[in-house]
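Undergrad: Compute the structure for the input listed below.
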Amino acid sequence: MDGLYEFNMKSPMGNMRALIKIVTNGNSFSGYVDVMGKRNEFSNGVIKGNNLYLSGNIAAGMMNIKYNISGFVQGNILNLSAQTNMGNFNLQGTKIQ
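TA: Numbering: from 1, shown residues only. Reported below is the predicted structural model:
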């Protein structure tokens, strides 16, 4: 599960590239979300089996995006379901490191 994952996603603001870094420690994980040129670190992720859960905020320019994410890793693919104040998204990222 540890690694750097790249996402290409459509949003209300157009196509966006995002990176998510995951570093596990037992049943928790930390890392960062890098989107719109801003890096937002997190440290409150929870792991249950092959599933992960995370809630937080992304400061993206003049916006603050609140999110609740659930997901799972399958091989080198990170599948996420994100509920945000900007809408709901299903995302799939590929491990690049």
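Undergrad: give me phi/psi at residue 49?
TA: Note on residue 49: backbone dihedrals following degrees, to the nearest 10 are phi 70, psi -120.
Undergrad: burial measure for it, as a count.
TA: Residue 49 is flanked by 7 other residues according to other CB atoms under 10 Å. For the C-beta atoms, the positions are set from N, CA and C on the backbone; glycine is no exception.
Undergrad: now do the one 10 residues further on
TA: Applying other CB under 10 Å, we find 13 other residues in the vicinity of residue 59.
Undergrad: now do the one 5 residues further on
TA: Applying other CB under 10 Å, we find 10 other residues in the vicinity of residue 64.
Undergrad: from what I can see it touches residue 58, true?
TA: Yes. If you go by CB atoms under 8 Å, residue 64 and residue 58 touch, sitting 7.4 Å apart.
Undergrad: Mind listing what's buried along stretch 12-24?
TA: Judged by neighbour count (16 or more other CB atoms under 10 Å), stretch 12-24 contains these buried residues: 18, 19, 20, 21, 22.
Undergrad: Looking at those, which are in strands?
TA: Of those, the ones assigned to strands by DSSP state E are 18, 19, 20, 21, 22.
Undergrad: Confirm for me that residue 17 is in contact with residue 8.
TA: Yes. Contact criterion CB under 8 Å: residue 17 and residue 8 qualify, at 5.7 Å.
Undergrad: So what sits opposite residue 16 in the bridge?
TA: Beta-bridge pairing of residue 16 under DSSP bridges involves residue 9.
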